[in-house]
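>>> Build the 3D model from these lines:
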Amino acid sequence: MAAGTLYTYAGNFRAYKILVAAQYSGADVKVADGFKLGETNKSSDFLSKFPLGKVPAFQSKNGLNLFESNAIAQYVGNNQLRGSSPEAAAQVQQWTCFADNEILPAACTWVFPCLGIVQYNKQDTERAKEQIRTALEVLNNVLLTRTYLVGERISQADISVACNLIQLYQYVLDPDFRKSFPNVNRWFTTLINQKEFKAVVKNFALCTKMAQFDAKKYADLHGGQKEGKKDSKKESKKEAKPAQKPKEEKPAEAEEAPRPEKKDPFAQFPKGNFDFDEFKRTYSNEDTDKVALPYFWDKFEKDKYSIWHCEYTQDLSSKKTFMVCNLVSGMFQRLDKMRKNAFGSMVIFGGDNTNSISGIWFWRGPQLAFELSEDWQIDFESYKWTKLNPDDAKTKTLVQEYFTWEGNFDGKKVNQGKIFK
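Next up is the predicted model:
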């Protein structure tokens, strides 16, 4: 039986799947006392065991150190949860991936603006709603003739999917929306009312009214930042922009607490007249070709800002696309303190085991921004960075291609894009 210490913060739904699994398997999992995100996970002792400083993180009594919630959940589970046959184990993995790839990104895109975590974008939110509707339809059809997703007993498949649905059922899946999915509702309420779930997920209640974006809440959480326009962005964008995480309730597994800095690393450079916040609102809410790009070139000051092309240099031949996306999202999270003075568009090309990553960034100052602070240096050496000449026609083409996610890209096929803003 597994035993050890789980490092996490209160309310981390990534940790729920681990703690619920331990309840079912009987594993002796203790949550670390006195854990402080941004302090404990930045200590030399913690980093010696978990170099990325991510939570949830688990240290077993026999000295095994694990990060990534799915891996920890598998370790603390038992054969019933993991799948008692090769076929069942494959199905458990299938639904675990479904939870992280088909539910979680759309859930964050829909719920986070309602919590004031990120700015509202109508097109992104409507797309996320449809993605959730599709996922629920799949589950509803499967659960028409099944009590649980795999076999006749609760498995990690049920735990992982249910945990990724918790915030949806809690905040936005009101009675009218969820009435179309009676089989999912029956299955979810059955799970959430099990004593093993109740021991972990405290005071859960189903949503009675769909939460909406609250501009005041967003402004309060983001230091008075004004709400931008809510117009739709062009349909050519394939993915929702990555969500920023909240300051108190941080739901992402790889969340990095802001590290205190005595001085803004960009302060040594002239500020210029480019308004990054206004540009980001324009980019998010207006047509890219007709409005955002002209805004960029009209306001860009080549003596105060610089444009860079990056290309990932490590081997991705063994990586699935969702893993590659996680590489980019993790980098964005760890660069949170750059957001006020930087903007980046990263594109993932190809498909499973054939992916590549490259992007276009611009920021305040003439030099490579990551060299300004040791807090920003975790990921940048995995990329080749090339400073571009803003007067060069090729630079203008690259900026247009990467900002719109459309173009030749030297023959590479766009899979999806992610925006740092």
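
>>> Look at K241 and report its pLDDT.
Note for K241: predicted pLDDT of 45.

>>> sorry, that was for F322
85.

>>> S345 and V328: what is the separation?
For S345, the distance to V328 equals 11 Å [C-beta to C-beta, to the nearest Å]. Quick note: C-beta positions are derived from backbone N, CA and C, even for glycine.

>>> my bad, N183
From N183 across to V328, the span is 35 Å (C-beta to C-beta).

>>> Ok, F362 next?
With distances taken as C-beta to C-beta, F362 is found 17 Å from V328.

>>> Give me the below-cutoff pLDDT ranges for the stretch 251-400 of the chain.
Along the stretch 251-400 of the chain, the model assigns pLDDT under 70 to residues 251-262.

>>> all strands of it, in order?
305-312, 342-349, 356-364, 383-388 (DSSP state E, counting those that start in this stretch).

>>> Nearest to Q74, out of these?
Nearest to Q74, of all those, is strand 342-349, at 26.3 Å by C-beta to C-beta.

>>> Can you give the domain ranges for this structure?
Split into domains by automatic domain parsing, the chain comes to 3-77, 104-198, 261-420.

>>> Let's have those in a markdown table, adding mean neighbour count and distance to D214.
Shown next, in a markdown table, are the domains of the chain (neighbours: other C-beta atoms under 10 Å; distance: least, C-beta to C-beta, whole Å):
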| stretch | mean neighbour count | distance to D214 |
| --- | --- | --- |
| domain 3-77 | 18 | 19 |
| domain 104-198 | 19 | 6 |
| domain 261-420 | 17 | 17 |
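
>>> Any idea how far apart the tips of stretch 346-366 sit?
Stretch 346-366 has an end-to-end distance of 20 Å (C-alpha to C-alpha, to the nearest Å).

>>> change the start of the numbering to 23 and stick with it
Done: numbering now begins at 23, and the last item shifts to stretch 368-388.

>>> now it: how far from the chain's centre is it?
17 Å (C-alpha atoms, centre = their mean, to the nearest Å).

>>> What of stretch 55-64?
Centroid displacement of stretch 55-64 relative to its chain, using C-alpha atoms, centre = their mean, is 21 Å.

>>> Please apply the same query to stretch 170-182.
25 Å.

>>> With just CA atoms, put that stretch into CSV.
The C-alpha trace of stretch 170-182 is given here as CSV (Å, rounded to 0.1, in the frame of the first residue of the first chain):
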residue,chain,number,x,y,z
TYR,A,170,-19.5,3.8,-14.3
LEU,A,171,-17.1,4.6,-17.1
VAL,A,172,-15.0,1.4,-16.9
GLY,A,173,-16.4,-1.9,-15.6
GLU,A,174,-18.9,-2.2,-12.8
ARG,A,175,-17.0,-0.3,-10.1
ILE,A,176,-15.6,3.1,-9.6
SER,A,177,-12.2,3.5,-11.3
GLN,A,178,-9.7,6.3,-11.7
ALA,A,179,-11.5,7.1,-15.0
ASP,A,180,-14.6,8.2,-13.0
ILE,A,181,-12.5,10.1,-10.4
SER,A,182,-10.4,12.0,-13.0
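
>>> ok, residues contacting it?
For stretch 170-182, the surrounding residues in contact (C-beta atoms under 8 Å, 6 or more residues apart in numbering) are 39, 42-43, 46, 92, 95-96, 99, 102-106, 110, 113-114, 116-118, 121-122, 164-165, 183, 209, 213, 216.

>>> repeat that for 6 Å
Outside stretch 170-182, the residues that touch it by C-beta atoms under 6 Å, 6 or more residues apart in numbering are 39, 42-43, 99, 102-103, 110, 113-114, 117-118, 121, 213.

>>> picking that back up, distance to T230 added to the domains of the chain, as JSON lines?
Below are these laid out as JSON lines (distance: least, C-beta to C-beta, whole Å):
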{"stretch": "domain 25-99", "distance to T230": "20"}
{"stretch": "domain 126-220", "distance to T230": "7"}
{"stretch": "domain 283-442", "distance to T230": "31"}
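
>>> Relative to F235, which of those domains is closest?
domain 126-220 (3.8 Å).

>>> thinking S378 is in contact with M368, fair?
No. Using C-beta atoms under 6 Å, S378 is not in contact with M368; the gap is 11.1 Å.

>>> L74 versus the residue lying closest to D401 once chain neighbours are set aside, what's the distance?
Leaving aside its chain neighbours, D401 sits nearest to M353 (4.2 Å; criterion: C-beta to C-beta, 6 or more residues apart in numbering). Applying C-beta to C-beta, the value for M353 to L74 is 11 Å.

>>> swap in I214?
In terms of C-beta to C-beta, I214 sits 31 Å off from L74.
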